[in-house]
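Participant: generate a structure from the sequence data that follows.
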Amino acid sequence: MRVLIFILLFSGVAQADVAVPLQHDGKDGVWFVLEEAQRLNVLDELAPLKENKIRLLKEELRLAYLEIKNVRIAVDVSNERADLWESTAKKAEARADAGDKWYMKPVLWFTVGVLVGVAASFAR
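Facilitator: Okay, the predicted model is just below:
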């Protein structure tokens, strides 16, 4: 509480007409207008709430960093999957190109079969 009053006094929040120096029982102190003293009490009561808010914001920031890390991992996995799909497509395309060889065409083998059949029927 004393630190808060000190900060308020020297930060310019408390005006010259708000705080008046005095001495009581041989101790130096400051007299506050009642409204200002009540405001200081409210600020003192709000301090734990602000600390809690700071703690929660730090936790939120930590979770945001974790989320960013998880998103980066997901992007990396997606890129790996895309590379896998691309390599699979290239392999399938290469197999399809290999199937286009002239000796692999069904029309050729049909023609060969017909010719062998006709030759066999005449050879009897």
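Participant: can you spell out which helices and strands pack onto the one helix or strand residue 59 maps to?
Facilitator: Following DSSP states H and E, the helix or strand that holds residue 59 is helix 34-98. In terms of contacts (3 or more CB pairs under 8 Å, 6 or more residues apart in numbering; DSSP states H and E), helix 34-98 is packed against helix 2-11. For glycine as for every other residue, the C-beta is placed from the backbone atoms N, C-alpha and C.
Participant: next structured bit after the helix it packs on?
Facilitator: Moving toward the C-terminus from helix 2-11, the next helix or strand (DSSP H and E) is strand 19-24.
Participant: ok, that next one: who's next to it in the sheet?
Facilitator: Strands that pair with strand 19-24, judged by DSSP bridges, come out as strand 27-32 (antiparallel).
Participant: which is the succeeding secondary structure element to the helix holding residue 59?
Facilitator: Toward the C-terminal end, the helix or strand that comes next after helix 34-98 (DSSP H and E) is helix 106-123.
Participant: that older thread, what about the helix holding residue 59, distance to the chain center?
Facilitator: Its chain's average C-alpha position is 2 Å from that of helix 34-98, according to CA atoms, centre = their mean, to the nearest Å.
Participant: so what angle separates the directions of it and strand 19-24?
Facilitator: Using axes from the mean of the first three to the mean of the last three CA atoms, to 10 degrees, one finds that helix 34-98 and strand 19-24 are set 120 degrees apart in direction.
Participant: mean confidence score for helix 34-98?
Facilitator: The average pLDDT for helix 34-98 rounds to 90.
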